[in-house]
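# model this:
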Amino acid sequence: MISTAINRFSIRCGPPLPPPTKLRSCFCSVTSINYPTPHHHPQWSGLDYWRRNPLNRDRYWGPNGPIQQQNEIDSNSPCSVFSSCTSLAEMGGVVLSTEDPLVKANLSHLAYTKWRKEGLPVGVSDAPSRPARPDKPQLVSPKEIPPPKSSGLPLNAYMLHNLAHVELNAIDLAWDTVVRFSPYVELLGEGFFADFAHVADDESRHFTWCLQRLGELGFSYGDMPAHGILWRECEKSSDNVAARLAVIPLVQEARGLDAGPRLVNKLVGYGDNRTSNIVAKIADEEVAHVAVGVFWFVSVCQKMGRIPGSTFTEILKDYNVEVKGPFNHSAREQAGIPREWYDPLCTKKEENKLSEVHDRLSCIISMEQQNSSLGKAS
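Numbering: from 1, shown residues only. Model prediction:
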């Protein structure tokens, strides 16, 4: 887990961090969590506001945008599935073990709400090897995903189904991060778990919007096959928190920043403005999730005495993860991902600039040496 990551990187760059100490028995409120300050790295300007936000209950897409659902589950209900849970990690384990997608999304919101209201500890729980899944959609390789014309769905429903699948996986990815690394609350800090539980809540809201709109179009989640790439990438990083942060928020979720505007434009061109508005809202909120990943990746790197940029590059190479364009550079920059981390063209430009500077310095030194030689000769 995190100790694996720390030992792996600290062998070459100093002593490892101490092992996790006794877990805290209580969890402070969101407003009183002390977050570390990553040095020498730009952060998304809205991160602090996102953290302190009130609970977002706008889980239904109304005529003009998201609104509160009137029959929202009551977190204080005595028959709640979480009635025996005493920690955030335990509730996360319940969400991961829930098969029905809509129930999973509702429980995700319920878990985060209960934690915010009751101030439960992070606690410790075992993450399942894989999250529970329904029989449909059938999971196949990316090459076996049917193209839109042979999927049986119109283009707008096809794109929305794909997005719903991404959002469902994102719920599980966030809770797996909370549960799997829960024994290391003292090392990572309570804010780490607060942030990823918040991400899980956001993703559950996105998923319910997608399900709602699919239903309005006459379709359901599971009406076409889907792939398992996202969870495969999650499994790669199950023993290394630095890798988890690099591979999931900084690569997989960052791809959502790239794809979001293109998907919106396609839906507008198709004539489905309602779906395009939903997708645009989701894409806008994903900036926060990538920013959370950047914040904690930089923080973990600093704890290990590592340079974030070079560590990110090493992890992608070691875990055989490829970053593909086209890139939405402005959204990535807004979230705090430096261009040189992911864009080889930018790296080459920087190398060329350094080479030019080196050549100029060499030329100046050579001229000075020649002038000095002429002066001595005279």
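# just the pLDDT for the residue nearest to residue 99 when sequence neighbours are not counted.
Excluding its sequence neighbours, the residue lying closest to residue 99 (C-beta to C-beta, 6 or more residues apart in numbering) is residue 132, at 4.1 Å. Backbone N, C-alpha and C define where each C-beta goes, glycine included. pLDDT recorded at residue 132 is 96.
# wait, isn't residue 132 in contact with residue 97?
Yes: judged on C-beta atoms under 8 Å, residue 132 makes contact with residue 97 at a distance of 5.3 Å.
# how about the helices in the stretch 1-150 of the chain?
For the stretch 1-150 of the chain, the helices defined by DSSP state H, counting those that start in this stretch occupy 2-10, 47-52, 88-96, 101-118.
# name the stretch among those that sits most buried.
helix 88-96 (a mean of 26; mean count of other C-beta atoms under 10 Å).
# packing partners of that helix?
Using 3 or more C-beta pairs under 8 Å, 6 or more residues apart in numbering; DSSP states H and E as the contact test, the elements touching helix 88-96 are helix 101-118, helix 155-180, helix 190-216.
# contacts only, for residue 285.
Going by C-beta atoms under 8 Å, 6 or more residues apart in numbering, residue 285 touches 202, 206.
# go with 7 Å
residue 202 (C-beta atoms under 7 Å, 6 or more residues apart in numbering).
# likewise for residue 105?
Contacts for residue 105 (C-beta under 7 Å, 6+ apart) come out as 171, 204, 207, 208.
# any idea how far the residue nearest to residue 301 when sequence neighbours are not counted is from residue 249?
Leaving aside its sequence neighbours, residue 301 sits nearest to residue 308 (C-beta to C-beta, 6+ apart; 4.4 Å). As defined by C-beta to C-beta, to the nearest Å, residue 308 lies at a distance of 13 Å from residue 249.
# look at these two and report which has more neighbours.
residue 249 (28 against 22; other C-beta atoms under 10 Å).
# residues near the nearest residue to the more buried one once chain neighbours are set aside, how many?
Sequence neighbours aside, residue 293 is the residue nearest to residue 249 in space, at 2.2 Å (criterion: C-beta to C-beta, 6+ apart). The tally of other residues near residue 293 (other C-beta under 10 Å) stands at 28.
# and the helix or strand hosting residue 293, which residues are buried?
Assigning secondary structure by DSSP states H and E places residue 293 in helix 273-304. By neighbour count on 16 or more other C-beta atoms under 10 Å, the buried set for helix 273-304 is 275-283, 285-304.
# stretch 150-164 too?
151, 153, 155, 156, 157, 158, 159, 160, 161, 162, 163, 164.
# next: stretch 60-71.
Of the residues in stretch 60-71, those buried (16+ other C-beta under 10 Å) are 60, 61, 66, 69.
# returning to what we had before: any idea how far the residue nearest to residue 249 is from residue 113?
23 Å.
# now the strands for the stretch 1-150 of the chain?
60-62, 65-67, 139-140 (DSSP state E, counting those that start in this stretch).
# nearest to residue 36, of those?
strand 65-67 (31.9 Å; C-beta to C-beta).
# for that closest one, packing partners?
Packing partners of strand 65-67 (3 or more C-beta pairs under 7 Å, 6 or more residues apart in numbering; DSSP states H and E): none among the helices and strands.
# which of the three states applies to the residue nearest the centre of the chain?
With distances taken as C-alpha atoms, centre = their mean, residue 249 lies nearest the centre of the chain, 2.9 Å away. Classification of residue 249 by DSSP: H, G, I helix; E, B strand; the rest coil places it in helix.
# how much space between it and residue 55?
Residue 249 sits 22 Å away from residue 55, going by C-beta to C-beta.
# picking that back up, give me the distance from the helix or strand following the helix holding residue 293 to the chain's centre.
Using DSSP H and E, the helix or strand that follows helix 273-304 in sequence is helix 308-318. Relative to its parent chain, helix 308-318 has a centroid offset of 17 Å by C-alpha atoms, centre = their mean, to the nearest Å.
# list of residues touching helix 308-318?
By C-beta under 7 Å, 6+ apart, helix 308-318 touches 9, 41, 242-243, 246, 250, 297-298, 301, 323, 338, 340-341.
# would you mind measuring from residue 281 to residue 232?
In terms of C-beta to C-beta, residue 281 sits 28 Å off from residue 232.
# same deal with residue 150?
25 Å.
# thinking again about what came up before, is it possible to get TSV of the contacts of residue 105 that adds neighbour count, distance to residue 269 and pLDDT?
Formatted as TSV, these follow (neighbours: other C-beta atoms under 10 Å; distance: C-beta to C-beta, whole Å; pLDDT from 0 to 100):
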residue	neighbour count	distance to residue 269	pLDDT
171	28	29	98
204	27	29	98
207	28	25	98
208	23	26	98
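# thought residue 36 was touching residue 189?
Yes: assessed by C-beta atoms under 7 Å, residue 36 is found in contact with residue 189 at 6.5 Å.
# between these two, which has more neighbouring residues?
Set residue 36 next to residue 189 and count neighbours by other C-beta under 10 Å: residue 189 wins out with 19 against 16.
# I'd say the more buried one and residue 33 touch.
No: counting by C-beta under 7 Å, residue 189 does not reach residue 33; the two are 8.1 Å apart.
# picking that back up, to the chain's geometric centre, what's the distance from the helix holding residue 293?
With C-alpha atoms, centre = their mean, you get 6 Å for helix 273-304.
# ok, now stretch 194-206?
So, by C-alpha atoms, centre = their mean, the centroid of stretch 194-206 is 10 Å from its chain's centroid.
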